[in-house]
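> model this:
(2 chains)
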Amino acid sequence: MGGATLTKETGPREVFCGLTSIVWLHRRMPDAFFLVVGSRTCAHLIQSAAGVMIFAEPRFGTAILEEKDLAGLADTHDELGRVVTNLLERRPEIRTLFLVGSCPSEVIKIDLARVAEKLNEQLKGNVRVLNYSGSGIETTFTQGEDGALKALVPFMPDNQVDQLLLVGTLANAVEDRLIKLFNRMGINNVASFPPRQSTDLPPVGPRTKVLLTQPYLTETARVLKDRGAEILHAPFPLGVQGSYDWMKAAAKAFNIEQSLFDSVLDPIVLRAEKALKPYKELLTGKKLFLLPESQLEIPLARFLNRECGMQIIEIGTPYLNREMMEAELQLLPENSVLVEGQHVEKQLDRVRQQQPDLVVCGMGLANPLEAEGISTKWSIELVFSPIHGIDQASDLAELFARPLNRKNILSKKLLTHA
Amino acid sequence: MELTLWTYEGPPHVGAMRIAASMEGVHYVLHAPQGDTYADLLFTMIERRGKRPPVTYTTFQARDLGGDTAELVKGHIREAVERFKPQALLVGESCTAELIQDQPGSLAAGMGLSMPIVNLELPAYSKKENWGASETFYQLTRGLLNNQKPVQITHDPQKWKTEGRRPSVNLLGPSLLGFRCRDDVLEIKKLLIENDIDVNVVAPLNASPKDILEIPKADINILLYPEIAESSCIWLERNFGIPFTKTVPIGIGATHTFLSEAHNLLGLPAYNQSKNANQSRLKWYSESVDSNYLTGKRVFIFGDGSHAIAAAKIAKEELGFEVVGIGTYSREMARAVRSAAKELGLEALITNDYLEVEAAIADAVPELVLGTQMERHSAKRLGIPCAVISTPMHVQDVPARYSPQMGWEGANVIFDSWVHPLMMGLEEHLINMFRHDFEFVDGHQSHLGHLTNSQGENQAEKSQLSNEAKNNISDESPVWTSEGKAELSKIPFFVRGKIRQKTEKYARQAGCRQIDSETLYEAKAHFKA
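Prediction:
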């Protein structure tokens, strides 16, 4: 396994559950609604993570289970049907409704698939009702997106033509840019999934080649493979080299001539490396500790080490899918410490012991570490920001340089902690 | 099952976390799945705390459910006790753990631990955050003090007189994620010291279990936040005979009443209100000529119980506003808010649905909204100025500056923060004077922002109309003639909505099918008379 040594750790974990993915998924597909079937905790989690108040009426909500729903399950299914009917009456613009399972709905075994099936019969194709799990007992943070995409795959139409399919939510501008670059090198039939409209699903078939844009789409990749698609193996498109290798994998699969590929990418790579340089200077030699949360930890460590010269102290990952990460693991430095799972207290002990220059962590841990004088970067920011592709590499580096830069700017006198 | 797009309160275990995180030397083991740890960010991000809340989550996963989750809970308890060495341990569960019935409290009790253990049973499917906080503080206080209970109650709140010391009180209720608690405590302490009253214990904020044990040494309890500490105060009164003050000192009137209540309970010389009449600037600011324009301003109030009730009193009695709507999201405080509403001749709105609140605001056509951060957003959409008076907490509600709500300085803060969103008196006067000049457009509204003009009003009107349409499907609504509309448009935008509503009401009463400029003037005369 590449250059990393793997340790498994169990204990108290400090990670989001899969429901959190709704925060970016609903923005990608403005005609979809995400209805969590859960508790007040679920509702509170999403509104706390998403800063919901800016919406007049958000496109996600929670059907909150009450005392009486816990008693009779048959009634619960009807109750949910009633809530959905009311919701759709109020929001006629909704085309796809995701029923999202939560910890409590799974523990009391509410059969969301059955509810979805019944609703689909009732709604006669006006709205498509799907279900997936975003529960904390089954999923971590970004796995929610994997579940939602997997639920959409059966509805993708068949096709029999050569196609490159980019899978995973991207910022619209980044998506356009990547497609343009593929077009320039002669790959013209490029589609993305999830689409910008939930009803506008791209086709899939045996001549579809899939490039994953995100490292957490294990199940989606599996069902796409079942539909005949080929999953291309490559590092993920973070950083100049990572994105270059990722595009190279597509070019190879589509037999694009090296000279054409080079003529498209060489000037862009050159420009990107130039843009990256000032950040590289700041980041080189700085110690980095990544706490587990988004699954982006391994590709980020690879980028920050290989392209920005950071020294990796520890890479935490909520879970490790070796097949998915194979290309990434090869690129990690010799003897990297890779920790799967978490014991948050012991991990924080190691942070304090090692005194890294920067810690990538969840929002709950950031300020306590800052108060101890350790700079941090929120991992949730990385799933919101346009960071993919060669052109974005310097923006990605800047995200990590910013906290260090800030520390340099603020007067040392002000920074001494009482 | 209830569809919720946004909720004013979190689940009850978040309330328990507020108590645990407010205190020193307390640790909370929470049986909860992965993901429930999001609650940490409420403290570290919203309240900007540099410390993690003292909570160990068991973060069980689906694969654990097949095995021995009880052992898992015990393992986490053991480890947390060893690592954090708490003086008292809270043990409880979140919504999902409640379903699997491991009873972590009983498990902890059987582990032979040396510190007091408080078993928290907070029904997640029927109760909410404030109830959870209140219940936790009550269970903790009771748990720690139960064996100190006297057989016979002999507590005398005036005993300080015979003991050659100053009277002393406890401040109960301030907690993290409570509205301006940090500064309220400082202000009330200052106020009490000025009145020759010492503070014994402040809890739960910054208190340790040891401090809780000191509670019975005080002469009386000061109940600062009924949402959090009323049940504890009642228990302390019943079992220790310690009386408590009932007035929440928000506003000048309430601060006077509060001080007089404390003086009476402690047997201090009667509180001298006239001596303290000018302690807050609110009184003079409200009397000054510029404040004339505040007279009769229509305000809509929504928040937690105690802040909403206090706001209504201040609005009516201290600023001369007209309260046109009042409500709360707190079911526990519904009765108190209903009776406050009744005194104002209103019906209280008790709901957890922010869209219902928004509709009620649109319906009442207020000139100022006093609400939570959610009402701030709703008011912005409706183009109405708003000041925030209550939780749920937002990062803006934890200002760097000193900004209490209670006591004299609190009244000063309230005057500024409620009046500044409105137009200044002189400014309003000038706009009235010059509004017919060709240079004047509705956009001239100084700091009120760009949304307040026609766009905002149109929205307000739209939702208002749709509400009316719902209410009076059979009742034919009067129609504005173009001449009537033209007259209406000459009225300044900030009163236009109110005039429009009143005129339509008059037209319906008078049986007019059409509203022209005459109807407008008739309505004006009618409501003035």
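> tally of neighbours for residue 216?
Just going to use chain A. Neighbourhood size, A:Tyr216 [other Cβ atoms under 10 Å in any protein chain shown]: 27. Heads up, the C-betas are built off the backbone N, CA and C, glycines and all.
> I was thinking of chain B, sorry if that wasn't clear
The tally of other residues near B:Pro216 (other Cβ under 10 Å) stands at 19.
> just the helices in the stretch 101-250 of chain A please.
Under the criterion DSSP state H, counting those that start in this stretch, helices of the stretch 101-250 of chain A are mapped to A:103-107, A:112-123, A:143-152, A:172-184, A:218-226, A:239-253.
> any chance of the ones you listed in CSV, with mean neighbour count, distance to B:Pro209 and mean pLDDT too?
Shown next, in CSV, are the helices of the stretch 101-250 of chain A (neighbours: other Cβ atoms under 10 Å in any protein chain shown; distance: least, Cβ to Cβ, whole Å; pLDDT from 0 to 100):
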stretch, mean neighbour count, distance to B:Pro209, mean pLDDT
helix A:103-107, 26, 31, 95
helix A:112-123, 16, 44, 94
helix A:143-152, 25, 40, 98
helix A:172-184, 17, 53, 96
helix A:218-226, 17, 47, 98
helix A:239-253, 22, 51, 98
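> and chain B, which of those is closest to it?
With Cβ to the nearest Cβ as the criterion, chain B lies closest to helix A:103-107 of the helices of the stretch 101-250 of chain A, at 3.9 Å.
> touching chain B at all, that closest one?
Yes. Judged by Cβ under 8 Å from any Cβ of the partner chain, helix A:103-107 and chain B are in contact via A:Cys103, A:Pro104, A:Glu106, A:Val107.
> elements contacting that helix?
Packing partners of helix A:103-107 (3 or more Cβ pairs under 8 Å, 6 or more residues apart in numbering or on different chains; DSSP states H and E): strand A:32-38, helix B:95-100.
> list the buried ones in the last one?
Within helix B:95-100, the residues that count as buried by 16 or more other Cβ atoms under 10 Å in any protein chain shown are B:Cys95, B:Thr96, B:Ala97, B:Glu98, B:Leu99, B:Ile100.
> need the contact list for the third one.
Put plainly, it is B:Ala97. Residues in contact with B:Ala97 (Cβ atoms under 8 Å, 6 or more residues apart in numbering or on different chains) are B:Leu30, B:His31, B:Ala32, B:Pro33, B:Thr58, B:Phe60, B:Pro104.
> what's the helix or strand for the residue of the stretch 351-500 of chain B found nearest chain A?
Residue nearest to chain A within the stretch 351-500 of chain B (Cβ to the nearest Cβ): B:His377, separated by 5.0 Å. Element membership for B:His377 (DSSP states H and E) is helix B:373-382.
> C-alpha coordinates for that helix, PDB please?
C-alpha atoms of helix B:373-382 as PDB (Å, rounded to 0.1, in the frame of the first residue of the first chain):
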ATOM      1  CA  GLN B 373     -32.700  36.000  14.100                       C
ATOM      2  CA  MET B 374     -35.300  34.300  12.000                       C
ATOM      3  CA  GLU B 375     -37.700  37.200  12.300                       C
ATOM      4  CA  ARG B 376     -34.800  39.400  11.300                       C
ATOM      5  CA  HIS B 377     -34.700  37.500   8.000                       C
ATOM      6  CA  SER B 378     -38.500  37.500   7.700                       C
ATOM      7  CA  ALA B 379     -38.700  41.200   8.400                       C
ATOM      8  CA  LYS B 380     -36.000  41.900   5.800                       C
ATOM      9  CA  ARG B 381     -38.000  40.100   3.200                       C
ATOM     10  CA  LEU B 382     -41.000  42.100   4.200                       C
END
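> what's that helix packed up against?
Helix B:373-382 makes packing contacts with helix B:354-364, strand B:368-371, strand B:386-388, helix B:454-471 when contacts are defined by 3+ Cβ pairs under 8 Å, 6+ apart.
> let me know the average pLDDT across that helix.
Per-residue pLDDT values across helix B:373-382 average out to 92.
> for chain A, name the helix or strand with the lowest mean pLDDT.
Among the helices and strands of chain A, helix A:412-415 carries the lowest confidence by mean pLDDT, DSSP states H and E, at a mean of 60.
> next SSE downstream of the lowest-mean-pLDDT helix or strand in chain B?
One helix or strand of chain B scores below all others by mean pLDDT, DSSP H and E: helix B:454-471, with a mean of 43. Remark: after helix B:454-471, the chain's next helix or strand is strand B:479-480, criterion DSSP H and E.
> that next one pairs with which strands?
In the sheet, strand B:479-480 lines up against strand B:514-515 (parallel) (DSSP bridges).
> residues in contact with the following helix or strand past the strand it pairs with?
Heading C-terminal from strand B:514-515, the first helix or strand you meet, by DSSP H and E, is helix B:517-528. The contact list for helix B:517-528 (Cβ under 8 Å, 6+ apart) reads B:478, B:483-484, B:486-488, B:499, B:502-503, B:505-507, B:510, B:512.
> of those residues, grab the buried ones for ChimeraX.
Of those, the buried ones can be selected in ChimeraX as follows, counting by 16+ other Cβ under 10 Å:
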select /B:478,484,487,488,499,502,503,506,507,512
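> number of residues surrounding residue 3?
No chain was given, so I picked chain A. A:Gly3 has 14 neighbours, counted by other Cβ under 10 Å.
> that's the wrong chain, I wanted chain B
17.
> if anything else comes up later, I'll come back, but that's it for now.
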